[in-house]
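Student: model the following, please.
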Amino acid sequence: MDTADVQGDLEDILLTPEQISTRIAEIAREIESDLEGETPLLVGVLRGAVMVMADLSRELRLPLEMDWMAVSSYGNDHKSSGVVKILKDLDTAMEGRHVLIVEDIVDSGLTLSWLLENFRSRGAQSLRVMTLLRKPDAMTVDVPLDYVGFDIPNKFVVGYGLDYANRYRSLTSVAVLKPEVYGGNPPE
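Tutor: Alright, predicted model coming up:
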């Protein structure tokens with residue numbers, strides 16, 4: 001879906017498909033350098049990371065495996081509660097593996113902090129994090145991010161995997177959603 005299809009719901013377009021594609025290719029080259037000779041396990045966090053995981057995995061020029069995990073941490077429609085619930089666990093053991101967590105966005109960092117702690121207990125040889133988006137002004141915990149696509153303002157964004165009420169996920173761009181669409185309360 002193109003932004004023109006839902007232009008009335010969007011406040012601003014932050015990232016175009018070309019900007020996203022270029023940055024993912026740059027990050028893929030960094031990952032190839034860091035994990036040369038290895039077969040990393042890419043772990044996508046459902047559902048938001050679907051687009052990032054698909055494009056990153058196709059861009060990487062090294063053998064890899066993929067798995068998915070689904071967690072829920074949102075107490076309401078647009079604000080993280082920090083309480084994480086596993087909805088779908090991994091099918092692949094990560095003991096002794098080089099693991100790369102692939103995220104769509106890191107805002108408060110609470111969910112990712114929980115994931116890192118959980119994954120460390122599973123015996124991964126190394127643990128790295130790639131996120132397409134980071135909201136520095138929204139972060140409440142310090143989490144190590146090895147690869148960051150873009151820093152963005154603390155606004156409610158949709159597109160490229162990010163949704164509101166399961167809408168806008170298939171947008172090829174990342175855009176700011178108009179507050180009146182989600183009730184008018186900006187994210188904290």
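Student: how close does residue 40 sit to residue 23?
Tutor: Distance of residue 40 to residue 23, computed by C-beta to C-beta, to the nearest Å: 19 Å. Yep, even glycine has a C-beta here, placed from its N, CA and C like the rest.
Student: ok, the two, which is more surrounded?
Tutor: The neighbour comparison of residue 40 against residue 23 (other C-beta atoms under 10 Å) goes to residue 40, with 21 against 16.
Student: got the contact list for the residue nearest to the more buried one when sequence neighbours are not counted?
Tutor: In space, and not counting its chain neighbours, residue 40 is closest to residue 98: 4.5 Å by C-beta to C-beta, 6 or more residues apart in numbering. Residue 98 makes contact with 35, 38, 39, 40, 41, 124, 125, 126, 128 under the criterion C-beta atoms under 8 Å, 6 or more residues apart in numbering.
Student: switch the cut-off to 10 Å
Tutor: With C-beta atoms under 10 Å, 6 or more residues apart in numbering as the criterion, the residues that contact residue 98 are 34-35, 38-42, 64, 124-128.
Student: tell me the bridge partners for it.
Tutor: For residue 98, the beta-bridge assignment (DSSP bridges) gives partners residue 126.
Student: can you give me the helices in the protein?
Tutor: All helices of the chain, identified by DSSP state H, fall at 17-34, 50-59, 110-120, 179-182.
Student: make CSV from the ones you listed and add distance to residue 9 and mean pLDDT to it.
Tutor: Below are those laid out as CSV (distance: least, C-beta to C-beta, whole Å; pLDDT from 0 to 100):
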stretch, distance to residue 9, mean pLDDT
helix 17-34, 18, 98
helix 50-59, 19, 96
helix 110-120, 25, 91
helix 179-182, 5, 90
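Student: among those, which comes closest to residue 140?
Tutor: Residue 140 lies closest to helix 110-120 among these, at 6.6 Å (C-beta to C-beta).
Student: what comes into contact with the closest one?
Tutor: Helix 110-120 is contacted from outside by 43, 45, 69, 71-74, 80-84, 86, 89-90, 94, 99, 101, 103, 105-106, 109, 124, 127, 129, 131, 139-145, using C-beta under 10 Å, 6+ apart.
Student: low-confidence ranges in this protein?
Tutor: Scanning the chain for pLDDT under 70 picks out 74-82, 185-188.
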